[in-house]
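In: Everything below, folded, please.
(chains A, B and C)
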Amino acid sequence: MNSPSFFFRAVRHLLLMTGALIFLAPFIWMVLTSLKPVDEVFTRELTLLPTRLALVENYTEALTRVPLLRYLWNGIVVCAAILVLQILVLLPAAYAFAKLEFRGKTWAWRLVLLALMIPHQATAIPTYVMLHHLGMLNTLSALIVPFSISAFGIFLMRQFFRTVPDDLVHAARLDGMGEFELVWRVMLPAAVPALFAFAIFSVVWHWNDYFWPLLVISSPELATPPLGTMFFRNEEAGINYGPLMAGTVLITAPLLLLFIAAQKRFIEGVTLTGVKG
Amino acid sequence: MRVHPLTTWLLLSPATILLIALLLVPVATVAVMSLTDWQFGAATLNWIGLANYAELWSDPVFRKSLANTLLYLVLVTGGAVTIGLGAALLIESDTQLRGFYRTAFFMPVASTLIAMAVVWQFLLHPSAGLVNHLLQWFGLMPQDWLNNRRLALYSLAAIGVWQMSGLAMVLFLAGLKSIPQDIRDAGALDGISHPWERFRRITWPLLGPTTLFVVTVCAIRALQVFDTVHVLTRGGPNKSTEVLLHTIYAEGFSFFRMGYASAMTVVFIAGIFFLTQVQHATMERKTHYG
Amino acid sequence: MPDIQISGLTKQFGATQVLKGLDLTVRDGEFLTLLGSSGCGKSTLLRLIAGLDQPDAGAIRLGERDLLQLSPSQRDCAMVFQTYALYPHMTVGENICTPLLMRGLNFWQRLPGMRWLSPAVRRKHAEAETSARKVAQSLGMDGLWERKPAQLSGGQRQRVALARAMVRHPSVFLFDEPLSNLDANLRQALRAEIRQLHDQLGVTFIYVTHDQHEAMSMSDRVAVMREGCVLQLGTPDEIYNQPAHVEVARFVGAPRINLLPGEIRGNSVWALGRQIGHVPQGQDGGACQIGFRPQMGAQATANGLEVHGRITGVEYTGAELIATVQLAMSEQSCVFCLHSSHPDLHIGETLRTRVSLDQIHVFAADGQRLAFHPQPVLLDAAA
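Out: Numbers count the residues shown, from 1 in each chain, chains lettered A, B, ... in the order given. Coordinates of the predicted model:
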């Protein structure tokens, strides 16, 4: 519509800014507290800014009390491994469903659709038992292998591959490309935007996953960021919130920085979880 | 397009094998296990048919857990959808600072929930927490948010709304964008100019499918609540924040009654399945206005 | 109803200046078409008249009333959109009734549920439905009353949009390329219907299109627009036969007008090496453009500008032969439309013909039309 009135604009800003402050408050408070020394954390009255900067102390404490950087590193390794495995497995399958005809295709696709509806916590019990019998509990593999298949990824990439012109595939075949080469040389480059969204979806999901690491990991050195946070909190035992907040800042920072750096893509990827459910 | 069957098989086999081994077989196993009394580590198991389900039906902890989960679902879905819609409408109504507001509301969705739960624990601290400090500043009574039997679930629900509203907002923003400008123009010429009229006659009806979609997305996510419960309350005080996944976790991995936990999992899957069906149905309707 | 006076209208979108101080008078009751290619500002102008956008500068007055102070619905304009813009969730009947209800009931009467609570509101609804049905009947839409837009064809949707506009009995009808989304036959039928509607209602119609055929066949007057300005405002005859600017001549008429470079020496006009006539005193010398339309009238006269060249293309349309000729005397290509009784032409042959001097338009270097006085007699050049 036309230029809104000043009054309208003011009201809109008032409402949205109040909301924004409430939603950002935990983050702001987290950062502020991570800078406060012990005596300023538990005060009678409300103090916003620290009078004495305890940045070095708190962050050092956070980094030394528990292997915080180790947690972050584990997170990176696990998420990267999961993503690579997922792509390796789903891309050829998505291509087959999108571009090839074969006997039993309808039934196979129905299986994929069925798998889509399974929430990941539902398979926890049997998978746990299976890993136990394989002696794989409390290893990074236990965190990676169960997620190497993403039914959602197959679904998403098949939808996308269907929009790639058949002629492209024909041309590649005439050039003498085998099917596998086709997938990696022709389909993959065409699918980069969709893959990027999927990558964000997968990384964010698995970085933040708490339930599964809680079940299979018991050694702190193998913890991913969410589990590591819990170890850290239990160590700190809620006496000194300064270092605890410093720890959460460090753990939250990677994803938040990724979010701010690639907002549109990030939102795209995360809203895919909405489509999956 | 037919290629050599062996090639097709090779393309599909990793995915198919893993799909069956890691997803379909486990789900089937859960269903089967729910008909036994198996405990983890036990050498034998007995078929007990639907006895687990009968026990669930009369188990006060499970009933409480289910009730809590449903209450949580309603609160969080209602709150997130309302705030998400309101924020989306306000943001869309003007061009100033759109990016900032969108980022601010979406940040909780992007953050690591466990870490933020720890932050919330501090915020809700009875004496040192920001929330109580602010309440006192306004002259209101401070509360023990997480340890008060009557308040704990609502506190968790508030955190849930905080975490989910941004997602609802983003989905609504996409829905609002898809309302053609032409229809708004036609409305302006017909005399639909008051914001309430515009909302009632144009925005809300055309947003219908999107709204249904957002509701199911939030509901499915809310049903899966676990992190905040495990970190902040462990289901207490007095099972007032016991939720479905947490009960499954306790039964299966603290008490190791896996047969019983499997029965609970079946109930959980049924709930998700139902909501997913609703979601698929609404997604069909989204392309309704061709 | 008084005329609509538009003066000094300026509108900028981002970095682009879409309208640059536009002036226009729309006469009461006329069918005026805004004609131009995309980006010329015609749709922007229409939206400003409707009130859907505000100009950066300028005025729109309806007699004494300053229209810019009024909201879109207060301006008593109705608009038919290219995409029909029907409310998808309402039936045909509800779509057509909406303008009447919005006008006839106040805010409180329009609240949900009031229809059942207040007999006055119920009465208004019934009245609205009666009026709406009448209009729908006149367009043959009566049988579709309960259908939703998604169940209608393109032509039906456009008629419903028309009905919704008509039901308000507005003082001005605005059309934003309403026929662009329809196939050719439907377009022809609806063109005639819209023109008939205008004659019936006697109300001002402002019509936007990029199709010059539509503009020429439907309008009382045409405003040819380009880059935010009106190049010429006149009847279709004036636009075609006396284009005020070379761009107007280029835009209107198919196939396109042929343009050759020419020269003004003193006040004589030279083209293709011949002096063909004069322009008034006071023109700067220098380059100019000579234009003539491909349709050749009787040109068997000895008096005319001789052109000849090699045929590079021939199109046979049944009624005409359209020949593209590479002129011998310059690098230009010209198009000629000849009657199909003309002897066969083939690519590579030479075509020789004369352009009657009365058919020639002369445009100055800046594009403006110059008053051209042709040479009374033009004999062939000495060999």
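In: ranges for the helices of the stretch 51-200 of chain B?
Out: Counting by DSSP state H, counting those that start in this stretch, the segments of the stretch 51-200 of chain B that form helices are B:51-58, B:60-92, B:98-110, B:113-123, B:130-137, B:152-177, B:181-190, B:195-198.
In: got these as CSV, with distance to B:Ser262, mean neighbour count and mean pLDDT columns?
Out: Backbone N, C-alpha and C define where each C-beta goes, glycine included. Rendered in CSV, the data for the helices of the stretch 51-200 of chain B read as follows (distance: least, Cβ to Cβ, whole Å; neighbours: other Cβ atoms under 10 Å in any protein chain shown; pLDDT from 0 to 100):
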stretch, distance to B:Ser262, mean neighbour count, mean pLDDT
helix B:51-58, 8, 15, 89
helix B:60-92, 13, 20, 94
helix B:98-110, 32, 20, 91
helix B:113-123, 26, 25, 90
helix B:130-137, 39, 16, 84
helix B:152-177, 26, 23, 93
helix B:181-190, 51, 22, 90
helix B:195-198, 51, 15, 86
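In: In which helix or strand does C:Asn185 reside?
Out: Secondary structure from DSSP states H and E places C:Asn185 in helix C:184-201.
In: ok, then the element right after that helix?
Out: Towards the C-terminus, the helix or strand next in line after helix C:184-201, according to DSSP H and E, is strand C:204-209.
In: what residue ranges in the stretch 151-290 of chain B score low on pLDDT?
Out: Counting by pLDDT under 70, the low-confidence segments of the stretch 151-290 of chain B come to B:284-290.
In: quick one on the thing from earlier: with distance to chain A added, can I get the helices of the stretch 51-200 of chain B in TSV?
Out: Listed next are the helices of the stretch 51-200 of chain B as TSV, based on distance: least, Cβ to the nearest Cβ, whole Å:
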stretch	distance to chain A
helix B:51-58	13
helix B:60-92	5
helix B:98-110	4
helix B:113-123	4
helix B:130-137	4
helix B:152-177	6
helix B:181-190	7
helix B:195-198	9
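In: who wins for proximity to C:Gly277 among the ones you listed?
Out: Each of the helices of the stretch 51-200 of chain B was checked against C:Gly277 via Cβ to Cβ, and the shortest separation belongs to helix B:181-190, namely 50.8 Å.
In: Show me what that closest one is packed against.
Out: Contact partners of helix B:181-190 among helices and strands, from 3 or more Cβ pairs under 8 Å, 6 or more residues apart in numbering or on different chains; DSSP states H and E: helix C:42-50, strand C:77-80, helix C:92-104.
In: Report the residue ranges of every domain in the chain.
Out: No chain specified, so I'll use chain A. Using automatic domain parsing, the domain ranges for chain A come out as A:6-62, A:67-276.
In: that's the wrong chain, I meant chain C
Out: Residue ranges for the structural domains of chain C, counted by automatic domain parsing, are given in the record as C:4-241, C:257-374.
In: Excluding residues flanking it in the chain, which one is nearest C:Ser268?
Out: Distances taken as Cβ to Cβ, 6 or more residues apart in numbering or on different chains put C:Gln275 closest to C:Ser268, at 5.2 Å, once the chain neighbours are dropped.
In: And the next helix or strand past the helix or strand containing the one you found?
Out: If you go by DSSP H and E, C:Gln275 is part of strand C:274-278. Scanning forward in sequence from strand C:274-278 by DSSP H and E, the next helix or strand is strand C:286-292.
In: Alpha carbons only: can I get that next one in PDB?
Out: The C-alpha coordinates for strand C:286-292 follow below in PDB (Å, rounded to 0.1, in the frame of the first residue of the first chain):
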ATOM      1  CA  GLY C 286      21.600  18.200 -40.800                       C
ATOM      2  CA  ALA C 287      20.400  14.700 -40.600                       C
ATOM      3  CA  CYS C 288      16.700  13.700 -40.600                       C
ATOM      4  CA  GLN C 289      14.600  10.600 -41.200                       C
ATOM      5  CA  ILE C 290      12.300   9.800 -44.000                       C
ATOM      6  CA  GLY C 291       9.400   7.400 -43.200                       C
ATOM      7  CA  PHE C 292       6.900   5.700 -45.400                       C
END
